[in-house]
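> Could you look at this predicted model? Sequence included:
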Amino acid sequence: MTGPIEPGDRVRLAYVGRFENGSVFATSDPEVAAEHGLPEAQGKERAEFEPLAFTVGRGDVIEGLDDAVVGMRDGEEATVTVPPEAAYGDHDHERVREYDPETFEGMVGQPPEVGLHVEAENGLHGDVTAVTDDHVAVDFNHELAGKTLIFDVRVLAVD
């Protein structure tokens with residue numbers, strides 16, 4: 001394909017996702033994953049790392065990345081900065097819920113501990129962010145909410 005990418009095209013991207021401070025949170029490159037100690041690098045073979053494949057304009061990926069590839073060409077590279085509103089949204093304090101420690105343990109089946117990842121019956125995922133004698137705080141925001149994301153992308157294929 002010689003023309004620029006348009007909505008409806010299927011693309012495959014090699015990518016490195018970073019925060020503004022430079023730390024890497026996701027990548028399709030196994031060497032970058034290992035270098036930055038990403039959990040997905042543990043025990044994975046090189047062949048298991050996949051490029052990001054999606055149909056442009058269908059909402060398969062965050063808006064900022066979806067919009068950024070429009071107009072790019074096969075083989076082209078770019079650095080894309082995606083603000084929270086075009087990624088996972090702002091951090092919403094209303095999505096941080098507090099529970100009585102006994103109620104929490106009854107729902108989850110284990111004692112509360114900071115960092116514990118939980119899944120609610122409604123399908124929401126959250127992380128325990130604070131535990132006191134009186135309450136357990138669970139943050140149901142997406143882990144990347146409120147963050148500006150920077151992606152180094154290279155278009156590998158356009159179908």
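It's in.

> Pull out the buried residues from the least confident helix or strand in the chain by mean pLDDT.
Taking mean pLDDT, DSSP states H and E as the measure, helix 30-35 is the helix or strand of the chain with the lowest mean score, a mean of 87. Buried positions in helix 30-35, judged by neighbour count with 16 or more other Cβ atoms under 10 Å: 30, 32-33. From N, CA and C alone the C-beta is placed, and that goes for glycine too.

> Would you mind giving the secondary structure of the spatially most central residue of the chain?
Per Cα atoms, centre = their mean, the C-alpha nearest to the average position across the chain is that of L144, at 6.0 Å. For L144, the assignment made with DSSP: H, G, I helix; E, B strand; the rest coil gives coil.

> you'd agree it is up against D90?
No: contact criterion Cβ atoms under 8 Å: L144 and D90 do not qualify, at 11.3 Å.

> Kindly state the domain boundaries assigned to the chain.
10-88+145-158, 93-139 (automatic domain parsing).

> do you know which of these lies nearest G3?
domain 10-88+145-158 (7.6 Å; Cβ to Cβ).

> can you give me the end-to-end distance of the closest one?
The first and final residues of domain 10-88+145-158 sit 6 Å from each other (Cα to Cα, to the nearest Å).

> Please apply the same query to stretch 95-102.
In stretch 95-102, first residue to last residue: 21 Å (Cα to Cα).

> Put together CSV for the domains of the chain, with distance to G3 on each row.
Formatted as CSV, the domains of the chain follow (distance: least, Cβ to Cβ, whole Å):
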stretch, distance to G3
domain 10-88+145-158, 8
domain 93-139, 40
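
> among these, which is the most enclosed?
The highest average neighbour count among the domains of the chain, using mean count of other Cβ atoms under 10 Å, belongs to domain 10-88+145-158 at a mean of 16.

> Now do stretch 64-83, average pLDDT.
Averaging pLDDT along stretch 64-83 gives 97.
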